[in-house]
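A.B. asks: here is a sequence together with a model predicted from it:
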Amino acid sequence: MAEHQKSQASPYKLKLWFAYTGEEKSYVVYQGYKRGILKSEEVAPFLRKARWNHASNMLFPVLVFPFVKFGVYDVFKSRILSRYTPNVLYGIAGATIGALWVLWLNWSPLYSSFDNKREDLLELLERRIGPSVKQLNDILPRFWTEGEVNRKIRTLYNQRNGWLVGYIYPYEESADPLVDMATFAKKKNNKIAK
């Protein structure tokens with residue numbers, strides 16, 4: 001039935017998380033994994049893509065420096081930049097690397113792959129619990145970045161799949177379930193009728 005409804009849905013319909021930031025989307029994935037809605041085998045590819053993205057962001061300036069310094073920099077130094085001092089030339093090279101790094105952080109293919117995998121997990125959450133996905137979002141502290149939330153997911157993954165499972169950390173099956181508020185016990189008035 002759900003597949004039938006999905007096939008008739010408009011492709012232009014906004015997703016429930018359309019206004020979430022990257023941190024909030026990762027936090028929803030974290031909450032879904034923490035509560036046992038997502039399983040470890042579903043989260044593992046997401047964590048792998050997050051690790052590749054993070055490593056590429058850290059290594060990008062180091063890998064681009066020789067290309068800028070010995071490729072583009074030397075070509076322009078002899079023709080256009082010959083009137084500048086070496087310190088200014090190093091500043092230009094640093095500014096070029098900085099601008100390329102900002103472009104890489106926002107439009108790298110590894111980040112796109114990571115973001116697509118996160119969207120897949122959010123859609124899987126929506127298929128499993130419906131509009132309750134919005135209940136998994138919370139107000140995050142300002143210092144929690146996307147990397148920090150992904151680190152929390154990785155820590156939880158390592159706890160559930162490490163060799164200390166069953167000794168210190170609980171098994172994945174004993175994760176907190178997502179409980180609907182309607183199923184909570186209601187507080188009753190215990191006054192005795194006279």
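C.D. replies: Done, it's in.

A.B. asks: tell me the contacts of the residue most central in space within the chain?
C.D. replies: When the chain is reduced to its mean C-alpha position, the closest residue under CA atoms, centre = their mean turns out to be residue 26, at 4.1 Å. By CB atoms under 8 Å, 6 or more residues apart in numbering, the contact list for residue 26 reads 118, 146, 149-150, 153. Bear in mind the C-beta positions are built from the backbone N, C-alpha and C, glycine included.

A.B. asks: let me have those residues in TSV, extended by neighbour count and distance to residue 94.
C.D. replies: Output for the contacts of residue 26, formatted as TSV (neighbours: other CB atoms under 10 Å; distance: CB to CB, whole Å):
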residue	neighbour count	distance to residue 94
118	21	32
146	21	26
149	22	31
150	25	29
153	22	34
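
A.B. asks: out of those, which comes closest to residue 10?
C.D. replies: Closest approach between those and residue 10, by CB to CB: residue 118, at 22.5 Å.

A.B. asks: where does the closest one land on pLDDT?
C.D. replies: At residue 118 the predicted local distance difference test score is 96.

A.B. asks: same check on residue 57?
C.D. replies: Reading off the per-residue confidence, residue 57 sits at a pLDDT of 94.

A.B. asks: one more: residue 101?
C.D. replies: The per-residue pLDDT of residue 101 was computed as 94.

A.B. asks: for residue 181, same thing?
C.D. replies: We note a pLDDT of 54 for residue 181 in this prediction.

A.B. asks: what do you get for the one 5 residues further on?
C.D. replies: For residue 186, the pLDDT comes out at 58.

A.B. asks: same question for the one 3 residues further on.
C.D. replies: What the model reports for residue 189 is a pLDDT of 59.

A.B. asks: quick check: mean pLDDT across stretch 17-25?
C.D. replies: For stretch 17-25, the mean confidence score works out to 93.

A.B. asks: any idea how far apart the tips of it sit?
C.D. replies: The separation between the terminal residues of stretch 17-25, taken as CA to CA, to the nearest Å, is 7 Å.
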